[in-house]
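In: Take this sequence and fold it.
(one chain, ligands or ions: 4)
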Amino acid sequence: RALAHQSALQQSGPLLSASPRRPSYDVAALRQALDSGELVNYYQPKVSLRDGQLLGVETLVRWQHPDDGLVLPDQFIQVAEEAGLIDQLTQQVLRAALQQVRSWNDEGMALQVAVNISMDNLASLDFPDRIESLLHELGVPASALMLEVTESRVMSDPLASLDILTRLRIKKISLSIDDFGTGHSSLRQLHDIPFNELKIDGSFVRGVSHDSYARTIVEASLNLAQQLGLKTVAEGVEQPEDWCFLREAGCDVAQGWLIARAMPAEHLSGWVETWQG
Ligand code: C2E
Ligand code: CA
Ligand code: CA
Ligand code: CA
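Out: Ligands and ions are numbered 1, 2, ... in the order given. Just a heads-up that it's a prediction; the model follows:
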């Protein structure tokens with residue numbers, strides 16, 4: 001798995017240095033992948049910083065490409081957004097994630113599953129109703145779903161997005177503001193949208209224990225979230241010292257390679273056994 005991950009990273013190497021946002025797969029290939037079920041959900045654990053308990057998982061989509069191996073989302077999400085395929089992609093990811101959380105729950109693992117959504121998804125007025133019927137169809141309570149929202153592009157209609165996010169909250173679906181601190185997410189959004197969780201971007205979390213600039217950002221974000229009554233999550237936790245720093249600083253939840261990488265669903269229960277020792 002590590003090797004597949006690495007080869008996908010290597011493919012993105014030259015593109016990353018030239019232009020980090022340039023898509024490297026074309027629309028026809030992606031449409032074909034969606035239709036033939038080549039997208040797979042991986043899951044990364046979110047654990048309590050207090051006692052290490054597994055609280056939930058974040059769904060991270062991968063493309064099991066027939067020739068290129070495992071392709072990471074940075075290489076195709078933007079293509080999907082630009083080609084109008086993001087609704088289809090999100091529906092597939094959501095359905096698979098909810099089916100998975102249902103079977104984990106049936107096995108006695110009560111987890112919340114987080115799904116990344118694109119700002120473009122919020123352009124569909126029926127998005128909240130479609131999620132509600134999916135929850136109903138699969139027998140999953142709304143409380144078991146969290147949506148992670150990043151403002152990936154300039155919103156075409158911010159008021160409509162706000163309306164849809166509010167309707168999702170009314171339906172008891174949790175909302176997380178993702179990549180906080182990167183400029184994609186703003187204080188304005190925090191004020192306007194009834195978020196449940198604030199997720200501090202990994203670029204501030206990596207090395208936070210010995211970087212005073214990152215520490216200032218992380219502490220200010222935690223402070224703000226606590227004032228607003230939001231649960232706090234640190235993503236990109238790689239070092240034990242960063243874990244300790246975050247716990248001392250009062251952050252609630254950690255996610256990152258120190259704990260586990262994103263993995264196929266069937267590896268999760270094995271991971272839980274080694275994690276809990
Ligand atoms: P994100 O939501 O900020 O997800 C976190 C990314 O950081 C993931 O990359 C994850 O694998 C990686 N990561 C986790 N822990 C660590 C760590 O300790 N160190 C480092 N260096 N990285 C870590 P990934 O899976 O490549 O996803 C990239 C982005 O693609 C995500 O960023 C998210 O914005 C987007 N994405 C992923 N899945 C979906 C999806 O189903 N729908 C949409 N719309 N976007 C998605
Ligand atoms: Ca996310
Ligand atoms: Ca994030
Ligand atoms: Ca991030």
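In: what separates Ile200 from Val233, distance-wise?
Out: According to C-beta to C-beta, to the nearest Å, Ile200 and Val233 sit 7 Å apart. C-beta here means a position set from N, CA and C on the backbone, and glycine is covered the same way.
In: Now do the shared contacts for those two.
Out: Residues touching both Ile200 and Val233 (C-beta atoms under 8 Å, 6 or more residues apart in numbering) are Cys251.
In: Am I right that Arg261 is in a helix?
Out: No - in this structure, Arg261 is coil, not part of a helix, as judged by DSSP: H, G, I helix; E, B strand; the rest coil.
In: Leaving out chain neighbours, which residue sits closest to Val113?
Out: Distance criterion C-beta to C-beta, 6 or more residues apart in numbering; nearest residue to Val113, sequence neighbours excluded, is Val101 at 4.2 Å.
In: Which strand or helix spans that neighbour?
Out: Taking DSSP states H and E as the definition, one finds Val101 inside helix 86-106.
In: what's the helix or strand following that helix packed up against?
Out: Downstream of helix 86-106, the next assigned helix or strand under DSSP H and E is strand 112-117. Helices and strands touching strand 112-117, by 3 or more C-beta pairs under 8 Å, 6 or more residues apart in numbering; DSSP states H and E, are strand 54-65, helix 86-106, strand 145-149, strand 174-180.
In: thinking again about what came up before, the helix holding Val101 and ligand 1, any residue contact?
Out: Yes - contact of helix 86-106 with ligand 1 (C-beta under 6 Å from any ligand atom) involves Val93.
In: now swap in stretch 240-250 and tell me
Out: No - Stretch 240-250 lies apart from ligand 1 when judged by C-beta under 6 Å from any ligand atom; the minimum separation is 9.4 Å.
In: same thing with stretch 170-178?
Out: Yes - counting by C-beta under 6 Å from any ligand atom, ligand 1 has neighbours in stretch 170-178: Asp178.
In: Hmm, Val140 and the residue nearest to Val113 touching each other?
Out: Yes - Val101 lies in contact with Val140 (C-beta atoms under 8 Å); the separation is 6.1 Å.
In: Give me the number of neighbouring residues for Gln88.
Out: Residues near Gln88, counting by other C-beta atoms under 10 Å, number 16.
In: go on, Thr216?
Out: Thr216: 12 surrounding residues under other C-beta under 10 Å.
In: what helix or strand does it sit in?
Out: Assigned by DSSP H and E, Thr216 falls in helix 212-228.
In: What residues sit buried inside that helix?
Out: 214-215, 217-218, 221-222, 225 (16 or more other C-beta atoms under 10 Å).
In: Could you tell me which ranges of the stretch 1-150 of the chain sit under the pLDDT cut-off?
Out: Applying pLDDT under 70 to the stretch 1-150 of the chain flags residues 1-23.
In: at 90 what do you get?
Out: Scanning the stretch 1-150 of the chain for pLDDT under 90 picks out 1-25, 119-120, 122-125, 150.
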